[in-house]
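S.K.: the following block contains a protein sequence and its predicted model.
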Amino acid sequence: MTTLDESIQALENVDAFTAYLHQVGRSHTRVPGYKKEYFWRIQKPFLEAVSETLGDRYTENMETIYTVTIQFILETLVKGFEIGEKEKGV
């Protein structure tokens, strides 16, 4: 959740945002047995937490915004993981 919070705050600077998430994704290549697909496991709980937090303010439009945002974050993490794998020669 800290990674999500920090990345969302960094959205104003796309280069910093991307670099940060690539670094986090790369760092997961050091976790034995970690697979890039695991990043996607956070999408549903994240959206449920946002929905619960926003309550009535969680409109269809808000759902779309948060879905696109979390997908972009997760895709960027996966890309960083793939970069890390290539660096390791996996």
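M.R.: Structure's in. What do you need?
S.K.: which residue ranges of the protein form helices?
M.R.: 2-9, 14-27, 43-54, 60-88 (DSSP state H).
S.K.: tell me how far residue 16 lies from residue 82.
M.R.: As for residue 16, its distance to residue 82 is 20 Å (criterion: C-beta to C-beta, to the nearest Å). Where you see a C-beta, it was placed from the backbone N, CA and C, and this is true even at glycine.
S.K.: so for the two, which residue has more residues nearby?
M.R.: The neighbour comparison of residue 16 against residue 82 (other C-beta atoms under 10 Å) goes to residue 82, with 16 against 13.
S.K.: quick check: nearest residue in space to the more buried one, chain neighbours excluded?
M.R.: Distances taken as C-beta to C-beta, 6 or more residues apart in numbering put residue 36 closest to residue 82, at 6.6 Å, once the chain neighbours are dropped.
S.K.: show me the contacts for that neighbour.
M.R.: 25, 28, 78, 81, 82 (C-beta atoms under 8 Å, 6 or more residues apart in numbering).
S.K.: just the pLDDT for it.
M.R.: Note on residue 36: pLDDT of 97.
S.K.: which of the contacts of residue 36 count as buried?
M.R.: 25, 28, 78, 81, 82 (16 or more other C-beta atoms under 10 Å).
S.K.: can I assume the second one is in contact with residue 34?
M.R.: Yep, that's residue 28 we're talking about. Yes. Counting by C-beta atoms under 8 Å, residue 28 does reach residue 34; the two are 5.0 Å apart.
S.K.: CSV please, covering the helices of the chain and showing mean pLDDT.
M.R.: Converted to CSV, the helices of the chain look like this (pLDDT from 0 to 100):
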stretch, mean pLDDT
helix 2-9, 70
helix 14-27, 91
helix 43-54, 96
helix 60-88, 95
